[in-house]
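K.L.:
pasted the sequence and its predicted model underneath.
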Amino acid sequence: MKQLVVISGKGGTGKTSVVSGLASLGPKKVLADCDVDAADLHLILHPEIRDTHDFFSGERPEINPELCTQCGLCAEHCKFDAISKDFAVMPEKCEGCGVCSYVCPVEAVSTAPRLCGQWFRSETRFGQMVHAELGIGEENSGKLVTTVRNASAEVGEELGAELVLVDGSPGVGCPVIASLTNADLAVFVAEPTISAVHDLKRVHKLTEHFKIPSMAIINKCGINAEQENEIKSFCTEKEILLAGELPYDTIFSKAQLAGQSAVEYDPDGMGKKIEAIWNKMEANL
């Protein structure tokens with residue numbers, strides 16, 4: 001079983017649109033949406049949730065009002081102003097550092113596992129999908145991404161799938177590193193803009209560091225020839241195989257509004273272009 005991870009270095013390059021198109025093609029697969037901070041692959045694939053699992057990370061303190069003497073030490077030492085005037089912990093501000101428990105003279109503060117989100121195993125028209133939702137303002141998205149990646153690999157083994165197709169996190173931080181775990185191939189989706197080219201170079205350093213083979217797709221071609229040429233030159237210099245180019249086209253937006261991938265919405269046009277890209281990537285897996 002091979003694992004292919006689509007990443008971008010920045011948000012908004014069209015990564016999820018490309019992944020949904022690739023999901024329409026190829027062998028039996030399991031899908032994984034690792035953009036847990038702002039997941040959107042489900043908007044196109046309309047998964048039917050089979051299993052829901054709570055995701056816990058760290059601990060959250062609770063103040064027992066029956067034991068609390070309201071001495072004020074917890075509020076005095078809290079650097080995040082997470083203690084309210086009536087001496088209760090405000091979850092939206094609390095970072096779980098535990099100083100309130102440490103300074104409380106009457107041990108009125110206890111801690112409980114912190115519920116940060118949920119992850120799901122679902123059915124889609126292209127195969128099973130593992131995805132997640134991080135709670136508002138919650139942390140440890142990298143750990144949740146690892147949970148999604150491990151679960152998707154387990155589901156793939158269980159079903160005898162040939163491929164795990166991963167919609168990776170944007171950027172170059174911890175969630176992206178977690179997305180790339182055990183990847184056989186990383187595919188960069190880059191748009192011809194200054195910021196995207198800059199971040200493409202950063203995310204390539206990441207895959208180079210972890211010695212993960214990589215390819216690139218130039219999306220939204222036609223908006224900036226100079227930046228397109230810079231992407232091609234960079235790929236040539238770094239020996240990154242160019243899987244293909246996709247034009248800037250309203251087909252993607254129309255497909256999303258219809259709840260479809262571009263391959264489903266425009267099989268003889270954009271669908272053929274994405275199919276050619278898949279064929280190149282498959283040859284390198």
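P.N.:
Here it is on my side, so go on. Numbers count the residues shown, from 1 in each chain.
K.L.:
C-alpha from now on. contacts and neighbour counts both.
P.N.:
Noted.
K.L.:
can I assume Ala196 is in contact with Ile7?
P.N.:
No: using CA atoms under 8 Å, Ala196 is not in contact with Ile7; the gap is 11.8 Å.
K.L.:
of the two, which one has the most company?
P.N.:
Shown here are Ala196 and Ile7; by other CA atoms under 10 Å, Ile7 has more neighbours (33 against 21).
K.L.:
for Ser110, give me phi and psi.
P.N.:
phi -120, psi 170 (degrees, to the nearest 10).
K.L.:
which residues touch it?
P.N.:
Ser110 makes contacts with 61-64, 101, as judged by CA atoms under 8 Å, 6 or more residues apart in numbering.
K.L.:
one more pass at 7 Å, please.
P.N.:
61-63, 101 (CA atoms under 7 Å, 6 or more residues apart in numbering).
K.L.:
please apply the same query to Val148.
P.N.:
For Val148, the contacting residues are 32, 34, 130-131, by CA under 7 Å, 6+ apart.
K.L.:
if we use 10 Å, what do you get?
P.N.:
Neighbouring residues of Val148 by CA atoms under 10 Å, 6 or more residues apart in numbering: 32-36, 119-121, 129-132, 142, 154, 166, 178-179.
K.L.:
identify each buried residue in the helix or strand in which it is found, please.
P.N.:
Using DSSP states H and E, Val148 sits within helix 141-159. Going by neighbour count (16 or more other CA atoms under 10 Å), the buried part of helix 141-159 is 141-153, 155-156.
K.L.:
quick check: angle from the following helix or strand past it to helix 141-159?
P.N.:
Downstream of helix 141-159, the next assigned helix or strand under DSSP H and E is strand 163-167. Here the directions of strand 163-167 and helix 141-159 differ by 160 degrees (axes from the mean of the first three to the mean of the last three CA atoms, to 10 degrees).
K.L.:
helices and strands around the helix or strand following strand 163-167, which ones?
P.N.:
Downstream of strand 163-167, the next assigned helix or strand under DSSP H and E is helix 174-179. The contact analysis (3 or more CA pairs under 10 Å, 6 or more residues apart in numbering; DSSP states H and E) places helix 174-179 against strand 2-7, helix 141-159, helix 194-209.
K.L.:
buried ones in helix 174-179?
P.N.:
If you call a residue buried by 16+ other CA under 10 Å, then helix 174-179 has these buried ones: 175-179.
K.L.:
check stretch 64-73 too.
P.N.:
Using 16+ other CA under 10 Å as the test for burial, stretch 64-73 gives 68, 72.
K.L.:
residue nearest the centroid of the protein?
P.N.:
For the chain, Asp35 is the residue whose C-alpha lies nearest the centre (CA atoms, centre = their mean; 1.9 Å).
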